[in-house]
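> Build me a model from this:
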Amino acid sequence: MISIILTRLINIYKIADMLFYEKSSSLLRVKVAAVIPAAGIGSRMLSNIPKQYIKIKGRTILEHSVNIFLMNFNIKKIIIVLHKKDNFFYKLPIALHPKVFSVIGGRSRINSVLLGLLAIHDSEWVVIHDAVRPCLDFHDLEKIMNVIKYSTFGGILATPVINTIKYSINNLSVLHTINRDKLWNALTPQCFPLELLISCVKKIIKKKISVTDEASVMEYFGYYPELVRGSSKNIKITYQEDIDLASYYLKK
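Below is the predicted model:
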């Protein structure tokens, strides 16, 4: 009983902290939407359900990822991009939220992102977040959205690389060590002007160039996003051991 009461008190404190932080944050003068690609099947997780629907602390990973955006008063619309055979999303409470909309994705992540972007009709900026990053801190979300105030091309959350990086040409032996001094791990959310990103994504798809995030698209066409240092807790769920780590972060 005592542990239940403590858990509830901690949750109340977190909500109060978020509300205070929101009130102390400046309201952006532009309209912002969010796109959350959730059409992946998570084959590396070796699960019988897509990893975004695995539950941690009583909620799916996707719900944890979406809820932080629902709490942000600057975000007016959230587009969830789904696999055409998704049988899970519409059973979740977030599917009924008035800020949440869904579209069917494409053959690849970048195609799915484009379909999500095209579903936005009333915003000037967009933040894109991986569906399987459930540990995003609301302060970090505010930080990345603040680039709207001073950047022309947007920015990304990132962390400095701390591990020693080895380069291999055959994935069996080390060829040399890469200097990590100027290397960063790209995270999400990533925040960009909507129309500029749509234009660049359309061109990258037409050129059939492979990219792994939206910042790569912008970089290819000469638009260099700001680096905004984020928390290393903002992990991407990829393997089974990531579930345990996310569970630990989410209970704090």
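> And Ser112, which helix or strand is it part of?
Using DSSP states H and E, Ser112 falls within helix 109-118.
> so how far is that helix off the chain centroid?
Computed by CA atoms, centre = their mean, to the nearest Å, the chain-centroid distance of helix 109-118 equals 14 Å.
> Got the confidence number for Ser151?
Per-residue pLDDT puts Ser151 at 96.
> Tell me where the stretch 101-250 of the chain has helices.
Along the stretch 101-250 of the chain, the stretches classed as helices by DSSP state H, counting those that start in this stretch are 109-118, 138-145, 194-206, 214-220, 240-250.
> so for the second one, what's the average pLDDT?
Looking back up the chat, that one is helix 138-145. Mean predicted confidence for helix 138-145 is 97.
> And it, what does it pack against?
helix 2-24, helix 61-70, strand 125-128, strand 155-160, strand 184-193 (3 or more CB pairs under 8 Å, 6 or more residues apart in numbering; DSSP states H and E). In short, each C-beta sits where N, CA and C put it, glycine included.
> same for the third one, what does it pack against?
So the one you mean is strand 125-128. By 3+ CB pairs under 8 Å, 6+ apart, strand 125-128 packs against strand 32-38, helix 109-118, helix 138-145, strand 184-193, helix 194-206.
> Mind listing what's buried along it?
For strand 125-128, burial by neighbour count (16 or more other CB atoms under 10 Å) applies to Trp125, Val126, Val127, Ile128.
> Hmm, Pro37 and the last one touching each other?
Yes: here Ile128 reaches Pro37: they are 7.4 Å apart, a contact under CB atoms under 8 Å.
> what is in contact with the two at once?
Val113, Gly116 (CB atoms under 8 Å, 6 or more residues apart in numbering).
> Point out where this structure drops to low pLDDT.
1-26, 42-46, 252 (pLDDT under 70).
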